[in-house]
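>>> Just need the structure, nothing else, for what follows:
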Amino acid sequence: MKLNLSMLVVFSSVVGYVIVPELKVEFKSVILLLLGGILVTAAANASNEILERDTDKLMKRTMNRPLPDTRMSVIEAIIFSAITLVLGLIILYSFNIKSALLALFCYVLYTFIYTPLKRISPISVLVGAIPGSLPCLIGWVAATNHMGSLAAWTLFIIQFFWQFPHFWAIAWIGHEDYEKAGMKMLPSKGKVGQFTASQCVLYSAILIPLSALPMVVGLGGFISVIGLLLGGCWMLYKSILFLKDNSDSNARQVMFASFVYLPLVLITLVVDKYV
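Below is the predicted model:
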């Protein structure tokens, strides 16, 4: 399931639900959304591991997963993925069909397009950023049954641009592993030059003006602006250090900054609405 990753993704979905203006949040609905999101995300992550079981054997960070370590058979993994996907979609359908269809779209895009594309081109990071950012929109749609406003897409836009320095920092640190598995995750050819770091700087810089977006569309006030601005400036600062010195330690600092940024954004938006 990749549980840690799944919980962060699902948390963004729940936040997308509870920050809807004038929504009367019910505890039962939040629990159902949480459960549906966990199940669909688990199906996507398990399907990813089924497709990558041979390459996972080649990488230190993945060789002990259940499939490459032969603790689980492929058939068992397929059954697990099918059950979690169906149950998750049924739960989301109980909100409305649009949220279930969005979740299914995420599953298909992540599993059958992003996953094989990782071995073909670095553009996979761009493709993967879409299903990685849609869960927050799923939460909004579950609450409102529509996605036609800028407010609905606000969290998606912020999370979309956040993913590039996040993933490229991870890809830089794990480049040797990825290279052994034939995965092309960095935006440049190999772990050379400053192109990767400059891209981290670019996308981190974009996050700074985006800090005002929630307030512009009526989803937040000064609390969220300050939280997003501080997080964006911290990401940019760490990316600039990475640009000055393309070391693994500086890439790791960008990665850690990205781990802080997204929960900070989500929490400040919730605090802004209810405080």
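>>> where in the stretch 151-275 of the chain is pLDDT low?
For the stretch 151-275 of the chain, applying pLDDT under 70 flags the ranges 192-193.
>>> those helices in it, which residues are they?
Counting by DSSP state H, counting those that start in this stretch, the stretch 151-275 of the chain has helices at residues 175-180, 195-210, 213-216, 222-244, 248-274.
>>> and Ser188, which of the ones you listed is closest to it?
Ser188 sits nearest to helix 195-210 of all those, at 4.0 Å, using Cβ to Cβ. Where C-beta positions appear, they are placed from N, C-alpha and C, glycine not excepted.
>>> outside of that closest one, which residues touch it?
Helix 195-210 has contacts (Cβ atoms under 8 Å, 6 or more residues apart in numbering) with 157-158, 161-162, 164-165, 168-169, 171-172, 186-188, 228-229, 231-233, 235-236, 238-240, 242-243, 246, 251, 254, 261.
>>> ok, now stretch 222-234?
158, 204, 207-208, 210-212, 214-215, 257, 260-261, 264-265, 267-269, 271-272, 275.
>>> just to revisit the earlier point, out of the helices of the stretch 151-275 of the chain, which is closest to Ile83?
Ile83 lies closest to helix 248-274 among the helices of the stretch 151-275 of the chain, at 28.8 Å (Cβ to Cβ).
>>> Could you check the closest one and say which residues are buried?
For helix 248-274, the neighbour count (16 or more other Cβ atoms under 10 Å) marks 250-255, 257-258, 261-262, 264-266, 268-270, 272-273 as buried.
>>> distance between that helix and the chain's centre?
Distance, stretch centre to chain centre, for helix 248-274: 12 Å (Cα atoms, centre = their mean, to the nearest Å).
>>> Repeat that for stretch 78-94.
Here stretch 78-94 is found 20 Å from its chain centre; the criterion is Cα atoms, centre = their mean.
>>> can you pull the buried residues of that stretch?
Buried-residue list, stretch 78-94, by 16+ other Cβ under 10 Å: Phe80, Ser81, Thr84, Leu85, Leu87, Gly88, Leu89, Ile91, Leu92, Tyr93.
>>> swap in stretch 16-26?
Neighbour-count burial for stretch 16-26 [16+ other Cβ under 10 Å]: Gly16, Tyr17, Val18, Ile19, Val20.
>>> tell me the phi and psi of the third one?
Main-chain dihedrals, Val18, degrees, to the nearest 10: phi -80, psi -20.
>>> what about the residue nearest to it when sequence neighbours are not counted, which SS state?
Nearest residue to Val18, sequence neighbours excluded (Cβ to Cβ, 6 or more residues apart in numbering): Val25, at 5.2 Å. Here Val25 is coil, with the state taken from DSSP: H, G, I helix; E, B strand; the rest coil.
>>> For Val25, give its distance to Gln159.
21 Å (Cβ to Cβ, to the nearest Å).
>>> And Cys233, by the same measure?
Look at Cys233 and Gln159: by Cβ to Cβ, they are 18 Å apart.
>>> These two: which has the busier surroundings?
Taking other Cβ atoms under 10 Å, Cys233 and Gln159 do not tie; Gln159 has more neighbours (24 against 15).
>>> For the closest residue to the more buried one other than its chain neighbours, give its distance to Asp56.
Nearest non-adjacent residue to Gln159, counting by Cβ to Cβ, 6+ apart: Ser133, 4.2 Å away. Between Ser133 and Asp56 the computed distance is 25 Å (Cβ to Cβ).
>>> Thr115 now?
Using Cβ to Cβ, one gets 12 Å for the distance from Thr115 to Asp56.
>>> Can you work out which residues contact both of those two?
Shared contacts of Thr115 and Asp56 (Cβ under 8 Å, 6+ apart): none.
>>> Now flag whichever of the buried residues of stretch 78-94 is closest to Ser149.
Nearest to Ser149 among the buried residues of stretch 78-94, with distances taken as Cβ to Cβ, is Leu92, at 20.3 Å.
>>> which element is the closest one on?
helix 74-93 (DSSP states H and E).
>>> what is the rounded mean pLDDT of that helix?
Helix 74-93 shows a mean pLDDT of 98.
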